[in-house]
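Novice: Sequence and predicted model, in that order:
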Amino acid sequence: MNRIRTLTLGNFIPLLIFLLVLAAVVREGSLVTVLFLLAGVYFVGHWWSRRALNAVTFRRGFTPRAFPDEKVSVRLEVANPGLLPVPWLRLQDSASPELLLTEAFRRVITLGGHGRAQFEYTLRAHKRGYYNVGPLFLSSGDLIGLTDDLDRASAADHLTVYPRIIPLTRFSLPSRSPLGALKHTQPLFEDPARVFGKRDYVGGDSLRRVDWKATAAIGRLQVKQFEPSIAVESALFLNLNSNEYDLRSRIDSSELAIVIAASIASWAVANKQTVGLFTNGLDPLAAEARAGRRLPPRKGRGHLIRLLEVLARLQIGESIPFVQLLRHESAHLSWGTTLVIITSVLDEPLFEALFTARRSGLNPLVITVVPDYNFREAQRRAHRFGFPAYQLTRERDLDIWRK
Amino acid sequence: MSELRDSLHWNERFSNLVSYGLVSLMMLCLTQAIVQTGQRFLPGWDGVYLLIFCYIVAVESLYATHRTRHTTASNQYWLAYRLSEWVVILLALKVVLYLVRGPSQLWTDLALWQKNFSQNFFSGEYLVVMWVVVIVWLAAWRFADDLADLQDDDQLLDALSGDVVRSDRGLARQSLAANILIVGGVIAFLTALTRLDMSAVGVPQPPLQTGALNNNVLAYFVLGLLLLSQTQFAILRARWALERTPISRDMAERWTIYSLGLLLGLIILVSLLPTSQMLGLFATLEFLFRILFFLISFLLFLFLLPLAWLFSLLTGGATAAPLPPPPPPQLPPAATLSAGPPWLELLRSVLLWFALLGVVGFALYFYVTQNPQLAAALRRSRWRWMAEGLARVWRGLRGWGRRLASTVEAAATRLLSRRGPAAEDRFGFLSLRRLSPRRRVIFFYQAMLRRAGESGLPRQPSQTPSEYLPPLQNTIPDSAEDAAALTETFLEARYSAHEVTGEQVSLVQGYWERIKKSLRTVTKRVQ
């Protein structure tokens, strides 16, 4: 902050001495009054500016969550509850450059006693992240400019920009869990909650299937027919350890991985399935940033919002190895859970971990996001091990689950 | 951008207008001082017309300088413009003189001009008055020249964001301030001159009109300070223009009003201070100066005595008796400056000294606190005991002041309570003593929220007290336990039907005091 003080009390000292001597010689009261006036201007001016600035209160209001490309309107209210006016007040509300449409909000105002001013400016959520909005810097000073400008700063608020969600219409996850919400093509498990019709009773039908109301209406024994269904309890394993990404494509690949995770999570919740998230990415709000984040599988829109908030905040960085995270967390998951592995490459240690998981009753699905010339080979190997593997290196590649 | 340009343009125009008005009035003060000095030493001379004329000349000089501000002195147009300007001024001055003296003087002079034009046209009074006009014109020009450097916000606004823009407004302001102080010094000197009693040396003098003198000096400095305030506004405007920061359209008006309010308030304040008591102080100072002068003279005499003796030996002349030392100074007569009851004089004197000591003490304290290196050096030096002693005295005085304030507050509260609750409501004050223990606990918690909010940690509407506690504890780790205890007691007071006791209130007050202290340090850190 530049200091606007081209004059100091020192500039007035020669005059003060001159006036003092003159007043002593001629005993002129008016000169003494001038002396008092000059001293008063300095002290009262200093006191006024400090007091007035400290009295100023401010409030910032905005919706703290947004999706990419949304505009966020920020309302700023500055008030002077005191009687003493604030001669000038410079406001600068800083925000992350990723949120700014043009420049940071700046304004110079003057506030009278009990004065109030309201402003509104717009931020744009260009990309996912957890951003600071603020702090609001306030500067003020005295009217004559004999003292330094005074500064104050408020605490910053935060804006969470969710990752982009790509609607997946043809996506499916392998599952072994019966009695779920998703219709299944293999009539292995029938869901008693999904009645799709009735037929005449034949010998061997369970009495539990008899629809007594329909039987009474028709006069013949009727039995209910059920649709087969499966439950997909899925756990997203997201690798954001920077050491496991190629240096050149690190940023783009990790962002794509997060978009894929968010899209699958959204698909799962939309289909009333449970979904969890396990990642070694860095979360600035986590108690231990390097320990990764763990959100156990849950259902519902509220849970999706929690997932998206974490995904919005996650950053790629040096953290625990992905295989270590996978081995540790998959041991606590229930039988039949689908593991959606979103990682950089499908390498040997990951194969081993996934094979172990497969044998313990989990269903892995692997999605790699870094271009790999040997992926075909890895995919064939994965197929032999009994789990599917996909390579998605651009957002466009997700079209395989959209058409 | 157009809104920004428009607001800047409007503010600049208003500020320029005010600045030129102030300078013209300051020139009026200068003329007034000159005229009064002239009238003091030339009792028969009436120079009132000069006030009006010089005011018009000052306004003209300001306008002309503003108009030609983009041309240089070497420019032919500028030279021609200024020369023609002066011819007009001189002629106008002559016309004004004849208007004041009457047409008969013109007819007399017309006859004289035919004999010797140059001698009779440039008469004695005309030449003297012309010099006064020249001084005022030059002073106004200098001020206008500096003011011109504080203008043209548009140019700063037009500078590209990548450009390195140099603004000389700081230098212009310093130059303007120096001019204000120099002219102020001259006015003060002229004012002092009119105070001197010259009748003893045979110069006849009319009786002194002190009221007018007082107003003139004071008015000049008030106007000068207002002008400095406008220059500060110009400097800030330059910064805001370079930053492309929009400013309120009414900023210049408010700025002027607030500056005027500040100075008027100060004038009222300083006019209440008993300056006549200071004159007694000056008499004492003068006496001290005389003693100093006597001591120096005596030492000089002792030094010169052997030299004088040696010199007398060389010259062989009769040794002249050494000069006697200068007589010791006489004590100043007892000041009989004002008439009034003795207790009032004593009170005024105490007030004066208290104010003076307060100003000096605060200035020292402020200077030391603004120079941390000096403060550190003081703490290390052998005069540490003195600094510590003074600090102790300061703390004692502050404590005494606070006790006095709380006693007065308590007395006022008691007084209000006697007048019933209606009085309390009317003034809108909250009397803590009249609240129940439960309400008092809630009050302290709310006070903590308010203070924490001011320190940059406002409670969000969605946060419960328990949710708000951890960030608060992180902010004030020293008082983390106090914050937890206060929150817990608040929750009990707010949401339970338990009885809240006076002991709990005392504890809560203790927590609050410690939290307040911690929050104060946080606020300072934030600043």
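Specialist: Perfect, I can see it now.
Novice: Tally up the residues packed near residue 168, please.
Specialist: Chain wasn't specified; assuming chain A. Neighbour count of residue A:168, defined by other C-beta atoms under 10 Å in any protein chain shown: 20. (Each C-beta comes from the backbone N, C-alpha and C, glycine too.)
Novice: try chain B instead
Specialist: Neighbours of residue B:168 using other C-beta under 10 Å come to 11.
Novice: In contact with it, which residues are there?
Specialist: residue B:149 (C-beta atoms under 8 Å, 6 or more residues apart in numbering or on different chains).
Novice: Nearest to the spatial middle of the chain, which residue is it?
Specialist: Looking at chain A here, since you left the chain open. residue A:312 (3.1 Å; C-alpha atoms, centre = their mean).
Novice: Oops, wrong one, chain B.
Specialist: In chain B, the centroid-proximal residue (C-alpha atoms, centre = their mean) is residue B:225; its distance is 6.5 Å.
Novice: any idea how far residue A:142 is from it?
Specialist: Counting by C-beta to C-beta, to the nearest Å, the gap from residue B:225 to residue A:142 is 11 Å.
Novice: just residue B:449 next, same as before
Specialist: 31 Å.
Novice: which of these two has more neighbours?
Specialist: Higher neighbour count among residue B:449 and residue A:142: residue A:142, with 26 against 17, using other C-beta under 10 Å.
Novice: Got phi/psi on the more buried one?
Specialist: The phi/psi pair for residue A:142 (degrees, to the nearest 10) reads phi -80, psi 170.
Novice: lowest average confidence, helix or strand, in chain A?
Specialist: Least confident helix or strand, chain A: strand A:177-183 with a mean of 54, by mean pLDDT, DSSP states H and E.
Novice: on that earlier part again, residue contacts, the residue nearest to the centre of chain B?
Specialist: A:37, A:38, A:41, A:144, B:259, B:263.
Novice: Stretch B:180-187 and chain A in contact?
Specialist: Yes. If you take C-beta under 8 Å from any C-beta of the partner chain as the test, stretch B:180-187 does meet chain A, through B:181, B:184, B:185.
Novice: pLDDT weak spots in the chain?
Specialist: Since you didn't name a chain, this refers to chain A. Low-confidence segments of chain A, defined by pLDDT under 70: A:1-7, A:9, A:27-29, A:173-191, A:193-194, A:227-232, A:287-291, A:403.
Novice: not quite, I wanted chain B
Specialist: If you take pLDDT under 70 as the line, chain B has these spans: B:1, B:71-75, B:159-167, B:197-214, B:274-289, B:313-374, B:412-431, B:433, B:523-527.
Novice: so what are the domain limits for it?
Specialist: Annotated domains of chain B cover B:2-270, B:279-337, B:435-526 [automatic domain parsing].
Novice: Now do the contacts for the residue of the stretch 1-150 of chain B found nearest chain A.
Specialist: Distances between the stretch 1-150 of chain B and chain A by C-beta to the nearest C-beta are smallest at residue B:7, namely 9.2 Å. Residue B:7 sits next to B:246, B:247, B:248, B:249, B:251 when contact means C-beta under 8 Å, 6+ apart.
Novice: Buried residues, the helix or strand containing it. List them.
Specialist: Element membership for residue B:7, per DSSP states H and E: helix B:2-41. For helix B:2-41, the neighbour count (16 or more other C-beta atoms under 10 Å in any protein chain shown) marks B:5, B:7-8, B:10-12, B:14-16, B:18-41 as buried.
Novice: For the stretch 51-200 of chain A, list the residues in contact with chain B, please.
Specialist: A:54, A:57, A:59, A:85, A:87-88, A:90, A:103, A:106-110, A:112, A:135, A:141-145, A:150-155.
Novice: ok, of the residues you listed, which come out buried?
Specialist: Here, 16+ other C-beta under 10 Å leaves A:54, A:57, A:85, A:87-88, A:90, A:106-110, A:135, A:141-145, A:150, A:152-155 buried among those.
Novice: These in strands, which ones?
Specialist: In this view, those that belong to strands under DSSP state E are A:57, A:87-88, A:90, A:106-110, A:135, A:150, A:152-153.
Novice: dump the residue contacts of the closest residue to residue A:366 other than its chain neighbours.
Specialist: Leaving aside its sequence neighbours, residue A:366 sits nearest to residue A:389 (C-beta to C-beta, 6 or more residues apart in numbering or on different chains; 4.2 Å). Counting by C-beta under 8 Å, 6+ apart, residue A:389 makes contact with A:346, A:365, A:366, A:367, A:368, A:375, A:378, A:379, A:382, A:383.
Novice: Secondary structure class of the fourth one, three-state.
Specialist: Three-state call for residue A:367 (DSSP: H, G, I helix; E, B strand; the rest coil): strand.
Novice: Please name the bridge partners of it.
Specialist: residue A:342, residue A:390 (DSSP bridges).
Novice: so which residue of the stretch 51-200 of chain A comes closest to chain B?
Specialist: Closest point on the stretch 51-200 of chain A to chain B, by C-beta to the nearest C-beta, is residue A:145, at 3.4 Å.
Novice: Against residue B:293, how distant is residue B:35?
Specialist: Applying C-beta to C-beta, the value for residue B:35 to residue B:293 is 36 Å.
Novice: ok, now residue B:470?
Specialist: Using C-beta to C-beta, residue B:470 is found at 72 Å from residue B:293.
Novice: now do residue B:43
Specialist: Applying C-beta to C-beta to residue B:43 and residue B:293 gives a distance of 34 Å.
Novice: now do residue A:386
Specialist: Using C-beta to C-beta, we find residue A:386 at a distance of 112 Å from residue B:293.
Novice: where do the strands sit along the stretch 1-150 of chain A?
Specialist: A:57-61, A:65-66, A:71-79, A:86-95, A:105-111, A:116-124, A:129-140, A:150-153 (DSSP state E, counting those that start in this stretch).
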